[in-house]
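Novice: Next one to model:
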Amino acid sequence: MEPIKSLVGAEFPLFAFSHCRDVVAAVSRAGGFGVLGGSSFTPQSLERELKWIDEHENGMPYGIDILVPEHQSLGIATDSASLAAQVPKQHIDFAMALLRKHGINVQPEDVVDKLPPATLPEAAEALMDVAFRHPIRLIVNALGIAPPSMIDRARRQGIPVGALVGAKEHAVRQVEVGVDLLIAQGSEAGGHCGEVSTLVLVPEVIHAIKPIRDVPVLAAGGIMNGAQMAGCMAMGAAGAWTGSVWLATAEAETSETFKQKLIAAGSRDTVRSKSRTGKPSRQLKSSWHDAWDGPDSPGALPMPMMAMISIPSFAHIDRAADAGNSAAKELVSYWVGQGVGLIDAVRPAAAVVREFQQEFVNATERLIAMMES
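Specialist: The predicted structure is shown next:
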């Protein structure tokens, strides 16, 4: 526990990634460490969210995750208007036809997001401007090497930098550029993930970075309870980074329709698909994926243009489904890992933290008893 407490101030090394401020604050108040997924916000909305967290976390530590991809296929356009103009008509027509087939009446302008994608470098810098004005205790990057500006700005403010990795060679590169915390995210994870399982990846990463520098490693991917967390820490992890388990909490931003689909889903009901962001990411499988990954699809666009179609499309899908459109429910999806099969109810976030803590203690006691028997 000590390396993480010294680094970010968390009493219990359970990190909770969420796009919902309520989950972040609730987990931090309960003794874990909430991490806000900041890339889904504009600078203005992120300022509101972080101000709210500051007022509700009771002085407990929290962090932020900002997605700055190392590689993006942008062509010559780097602004939102030019990117929107580059979205091919066949992709717009395909999205419209799919939504209309499921009873959602949309026009072309309804399925292309005109807001600047938060993954563009200048947009990420603007989000960092906001984040560094708040008392965050950690800033994390995904999809490649943490950019120099993130590391430099964090260093000046004494804030640790974390990075998600899906392969041992990625971990080595991150340590070499100076990150303070690694999140080894296995293929079971929701969202953008690699192809190596958590059980293999965690010890691989720990072994690979040991000759370079002592950097704490969090295990991520499929971790839904305290016993799994204890098992990962027995492998050498300093704690657990979790995401999917918080989607079924009472505070989560996910729609009611999606929460019910989570409870009903099994561990084989997820898919790694490019059809949401343009890069492979694990999601709850739905008719959206059947269509976009099927033989009649024009294919996924590169990041960030695919998200410029999926973001407004899923906003329409969620509204229609929650309003009672049964056909729209077939399209409902969100990022979630294979641990979804362990979700059986909606619980308050603080109760999930307490369950993790008790399960962790129980698992540790079992291991000690086995050693002493």
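Novice: contact partners of the helix or strand containing residue 358?
Specialist: Here residue 358, judged by DSSP states H and E, is contained in helix 349-372. Contact with helix 349-372 is made by 12, 14, 16, 22-23, 26-27, 29-32, 225-227, 229-231, 234, 245-246, 249-252, 347, as judged by C-beta atoms under 8 Å, 6 or more residues apart in numbering. Every residue, glycine included, has its C-beta placed from N, CA and C.
Novice: do the same with stretch 306-326
Specialist: 80, 83-84, 87, 91-92, 95, 98-99, 102-104, 106, 110-113, 117, 119, 255-258, 274-278, 288, 300-301, 328-329, 331-334.
Novice: Return the alpha-carbon coordinates of it using CSV.
Specialist: Extracted C-alpha coordinates of stretch 306-326, given in CSV (Å, rounded to 0.1, in the frame of the first residue of the first chain):
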residue,chain,number,x,y,z
MET,A,306,-14.9,7.7,-36.3
ALA,A,307,-15.7,9.2,-33.0
MET,A,308,-17.1,12.3,-34.8
ILE,A,309,-19.8,9.9,-36.1
SER,A,310,-20.2,7.6,-33.1
ILE,A,311,-20.5,10.2,-30.4
PRO,A,312,-23.6,12.0,-31.7
SER,A,313,-25.0,8.6,-33.0
PHE,A,314,-24.9,7.1,-29.5
ALA,A,315,-26.4,10.2,-27.9
HIS,A,316,-29.4,9.7,-30.2
ILE,A,317,-29.4,5.9,-29.5
ASP,A,318,-29.4,6.3,-25.7
ARG,A,319,-32.1,8.9,-25.7
ALA,A,320,-34.3,6.8,-27.9
ALA,A,321,-33.7,3.6,-25.9
ASP,A,322,-34.4,5.3,-22.5
ALA,A,323,-37.6,6.8,-24.1
GLY,A,324,-38.9,3.3,-24.7
ASN,A,325,-37.8,2.6,-28.3
SER,A,326,-37.2,-1.2,-28.1
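Novice: Buried ones in it, by neighbour count?
Specialist: 306-314, 316-318, 320-321, 325 (16 or more other C-beta atoms under 10 Å).
Novice: State the mean pLDDT of that stretch.
Specialist: The average pLDDT for stretch 306-326 rounds to 94.
Novice: Repeat that for stretch 93-108.
Specialist: Rounded mean pLDDT across stretch 93-108 is 96.
Novice: chain center to that stretch, what's the gap?
Specialist: 27 Å (C-alpha atoms, centre = their mean, to the nearest Å).
Novice: what's that stretch in contact with?
Specialist: Here stretch 93-108 has contacts from 92, 110-111, 287-288, 291-292, 297-298, 309, 313, 316-317, 320, 325, 327-328, 330-331, using C-beta under 8 Å, 6+ apart.
Novice: Can you flag which of the residues you listed belong to helices?
Specialist: 92, 287, 288, 291, 292, 309, 313, 316, 317, 320, 327, 328 (DSSP state H).
Novice: pretty sure the third one is touching residue 334, no?
Specialist: No. Counting by C-beta atoms under 8 Å, residue 288 does not reach residue 334; the two are 10.6 Å apart.
Novice: helix, strand or coil for residue 271?
Specialist: At residue 271 the chain is in strand, as set by DSSP: H, G, I helix; E, B strand; the rest coil.
Novice: what about the closest residue to it other than its chain neighbours, neighbour count?
Specialist: The shortest distance from residue 271 to any non-neighbouring residue, by C-beta to C-beta, 6 or more residues apart in numbering, is to residue 285 (4.3 Å). Using other C-beta atoms under 10 Å, residue 285 has 18 neighbouring residues.
Novice: Figure out how far the helix-or-strand element of the chain with minimal mean pLDDT is from the centre of its chain.
Specialist: Of all helical and strand segments in the chain, the minimum by mean pLDDT, DSSP states H and E falls on helix 80-86, at a mean of 75. When C-alpha coordinates are averaged (C-alpha atoms, centre = their mean), helix 80-86 and its chain have centres 26 Å apart.
Novice: go on, stretch 183-197?
Specialist: 11 Å.
Novice: and what of stretch 273-286?
Specialist: On C-alpha atoms, centre = their mean, the centre of stretch 273-286 falls 13 Å from that of its chain.
Novice: So for that stretch, mean pLDDT?
Specialist: 94.
Novice: First-to-last residue distance for it?
Specialist: For stretch 273-286, the first-to-last residue distance is 11 Å (C-alpha to C-alpha, to the nearest Å).
Novice: Next: stretch 291-305.
Specialist: 18 Å.
Novice: And that stretch, what's buried?
Specialist: So for stretch 291-305, counting by 16+ other C-beta under 10 Å, buried means 291, 292, 293, 297, 300, 301, 303, 304, 305.
Novice: what's the closest of these to residue 57?
Specialist: Ranked by distance to residue 57 (C-beta to C-beta), the buried residues of stretch 291-305 are led by residue 304 at 30.5 Å.
Novice: Run a quick check on that closest one versus residue 143, I expect a contact.
Specialist: No. Taking contacts as C-beta under 8 Å, residue 304 lies outside contact range of residue 143: 11.1 Å.
Novice: continuing past the one helix or strand residue 228 maps to, what's the next helix or strand?
Specialist: Using DSSP H and E, residue 228 maps to helix 226-234. Past helix 226-234, further along toward the C-terminus, the next helix or strand under DSSP H and E is strand 239-242.
Novice: And the contacts of that following strand?
Specialist: For strand 239-242, using C-beta under 8 Å, 6+ apart, the contacting residues are 1, 4, 10, 13-17, 35, 164, 183, 185, 216, 218-220, 223-224, 228-229, 232-233.
Novice: What remains of the residues you listed if I keep only buried residues?
Specialist: 4, 10, 13-17, 35, 164, 183, 185, 216, 218-220, 223-224, 228-229, 232-233.
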